[in-house]
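**Student:** my questions concern the predicted model and sequence given below.
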Amino acid sequence: MWASDHQTCTSSIYGPSSSSSSNSFSEETSFLYSHRPSLPPSAAPPSSPPLRHHCVATVKGRNSYTSALVLAGEHLFTGSSDSQIRRNDPSSLHDHERLVDETAVVAGEGAVKALVASSSDKLISAHQDHKIRVWRVDHTVSNQQRITHLATLPTLSDRAIKLLLPKNHVQVRRHKKCTWIHHVDAVSALALSTDQSLLYSVSWDRTLKIWRTTDFKCLESVANAHDDAINAVAVSADGRVYTGSSDRKIKVWKQKPGEKTHSLDAILVKHTAGINTLAISTDGMVLYSGASDRLIRAWTTNAGGGRMEAAAALRGHTKSILCLATVADMVCSGSADKTVRIWRGIGKSYSCLAILEGHKGPIKCITVAFDHTSNPSNSLLYSSSLDCDIKVWKICLSR
């Protein structure tokens with residue numbers, strides 16, 4: 001249930017200081033660098049505005065942690081480590097009321113690894129059991145919402161067609177074959193194209209798959225896209241697809257004019273440990289990557305308009321970066337060090353505007369959006385942790 005949490009999370013102001021995202025996650029990976037000294041913190045641009053924040057509410061944990069978060073309209077959808085997808089209505093948070101409008105469904109076996117929402121009232125979930133599931137969110141007479149299962153990917157019709165032809169079968173283990181449309185390990189991340197006509201999925205099986213959202217047919221599968229598990233995927237407005245892997249690489253995929261398949265366009269190498277999360281800035285100009293080397297890197301296209309290059313390294317977290325989210329000109333990061341940091345960039349310089357503290361475990365996922373109930377420059381950030389709690393933070397940026 002939602003409850004106000006003013007004692008644990010007090011208002012703070014973090015102004016400029018000259019000294020100052022998943023995910024293939026395991027506790028061993030996340031705490032890999034905990035014994036090392038902290039990296040030098042990112043310097044703050046002199047004109048960074050102050051930021052005020054406070055914790056609006058806390059959803060007290062059940063027996064499982066929240067492994068995926070997505071905002072869709074006025075509702076927050078969560079996926080958990082115990083296979084459940086829940087719909088929460090956070091509109092009462094401003095009055096500190098308890099949440100009474102909640103829907104939950106059990107989805108498959110194992111953890112829900114990722115959630116994405118489309119504008120057509122569809123919710124798409126990725127799962128530990130190698131499946132992708134599609135849900136319809138319906139309004140009922142009581143003004144609540146019901147989550148209805150529509151399809152499991154690959155769909156039955158797609159499987160039946162592919163099964164008939166031997167050329168569609170690929171070797172997945174020494175003594176096992178299946179059709180190329182199947183993921184054969186946990187589906188770790190999802191992304192939709194800008195026009196929402198395509199769904200991209202990545203998996204610990206090292207494949208990237210592309211699905212058509214009108215009928216959820218699998219159009220393409222890039223086998224051995226990486227040398228290790230793929231943990232993150234992001235898609236830019238120009239159609240470039242970015243994948244991040246435990247092999248420490250980000251790969252850029254592009255569908256060239258006149259071609260039906262994606263081909264490798266570039267490999268971005270700077271991180272010294274596995275990449276856990278990717279995010280694209282709201283203006284589409286910057287790609288952010290978070291890794292187990294405790295760094296967030298900002299990637300931009302070089303002056304010639306060609307290849308991408310590492311423009312900045314955001315330092316401050318003391319353990320692995322597990323999740324990232326962007327809003328306005330800010331990027332938010334969650335870490336195994338139990339904190340959320342909010343960053344703002346001016347040119348190639350980034351400052352840490354705030355450190356959100358209060359969770360008792362690693363931050364598993366975050367999502368953030370403008371707070372339409374108050375000042376249009378304010379945002380609400382939702383963070384979930386392995387402590388099984390979800391916290392809701394109000395972010396107020398002075399301009």
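**Tutor:** Looks like it came in fine.
**Student:** just the buried residues of the longest helix anywhere in the chain, please?
**Tutor:** Counting by DSSP state H, the longest helix found in the chain is helix 156-163. By neighbour count with 16 or more other C-beta atoms under 10 Å, helix 156-163 contains the buried residues 158, 159, 162. C-beta coordinates here come from the backbone N, C-alpha and C atoms, glycine included.
**Student:** give the pairing partners of the very next helix or strand once past that helix; include direction for each.
**Tutor:** Where DSSP states H and E defines the elements, the next helix or strand beyond helix 156-163 is strand 169-173. Sheet pairing of strand 169-173 (DSSP bridges) gives strand 176-179 (antiparallel).
**Student:** avg pLDDT for the strand it pairs with?
**Tutor:** For strand 176-179, mean pLDDT rounds to 83.
**Student:** please compute how far the helix or strand following it lies from its chain's middle.
**Tutor:** Once the chain leaves strand 176-179, the next helix or strand it forms, by DSSP H and E, is strand 187-192. How far strand 187-192 lies from its chain's middle: 8 Å, per C-alpha atoms, centre = their mean, to the nearest Å.
**Student:** repeat for stretch 59-70
**Tutor:** Its chain's C-alpha centre and that of stretch 59-70 lie 15 Å apart, by C-alpha atoms, centre = their mean.
**Student:** measure it end to end?
**Tutor:** Using C-alpha to C-alpha, to the nearest Å, one end of stretch 59-70 lies 15 Å from the other.
**Student:** point out where the stretch 201-350 of the chain drops to low pLDDT.
**Tutor:** Low-confidence segments of the stretch 201-350 of the chain, defined by pLDDT under 70: 304-305.
**Student:** so where do the strands sit in it?
**Tutor:** Ranges of strands in the stretch 201-350 of the chain, per DSSP state E, counting those that start in this stretch, are 208-212, 217-222, 230-235, 241-245, 249-254, 263-269, 275-280, 287-291, 296-301, 308-314, 321-327, 330-335, 340-346, 349-356.
**Student:** redo those as JSON lines? Include mean neighbour count and distance to residue 116.
**Tutor:** Compiled in JSON lines, those are given as follows (neighbours: other C-beta atoms under 10 Å; distance: least, C-beta to C-beta, whole Å):
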{"stretch": "strand 208-212", "mean neighbour count": "21", "distance to residue 116": "12"}
{"stretch": "strand 217-222", "mean neighbour count": "18", "distance to residue 116": "17"}
{"stretch": "strand 230-235", "mean neighbour count": "25", "distance to residue 116": "10"}
{"stretch": "strand 241-245", "mean neighbour count": "26", "distance to residue 116": "14"}
{"stretch": "strand 249-254", "mean neighbour count": "20", "distance to residue 116": "18"}
{"stretch": "strand 263-269", "mean neighbour count": "14", "distance to residue 116": "23"}
{"stretch": "strand 275-280", "mean neighbour count": "26", "distance to residue 116": "13"}
{"stretch": "strand 287-291", "mean neighbour count": "27", "distance to residue 116": "18"}
{"stretch": "strand 296-301", "mean neighbour count": "20", "distance to residue 116": "22"}
{"stretch": "strand 308-314", "mean neighbour count": "18", "distance to residue 116": "24"}
{"stretch": "strand 321-327", "mean neighbour count": "26", "distance to residue 116": "13"}
{"stretch": "strand 330-335", "mean neighbour count": "26", "distance to residue 116": "18"}
{"stretch": "strand 340-346", "mean neighbour count": "22", "distance to residue 116": "21"}
{"stretch": "strand 349-356", "mean neighbour count": "23", "distance to residue 116": "24"}
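**Student:** between those strands, which one is closest to residue 177.
**Tutor:** When those are compared for distance to residue 177 using C-beta to C-beta, the nearest one is strand 217-222, at 14.2 Å.
**Student:** got the angle for the closest one vs strand 208-212?
**Tutor:** 160 degrees (axes from the mean of the first three to the mean of the last three C-alpha atoms, to 10 degrees).
**Student:** which residues does strand 217-222 contact?
**Tutor:** 153-155, 158, 180-181, 198, 207-212, 253, 260-262 (C-beta atoms under 8 Å, 6 or more residues apart in numbering).
**Student:** how about stretch 295-311?
**Tutor:** Contact with stretch 295-311 is made by 39, 250, 252, 266, 268, 270-271, 285-291, 312-315, 317, 321, 324, 331, 333, 343, 345, 348, 350, as judged by C-beta under 8 Å, 6+ apart.
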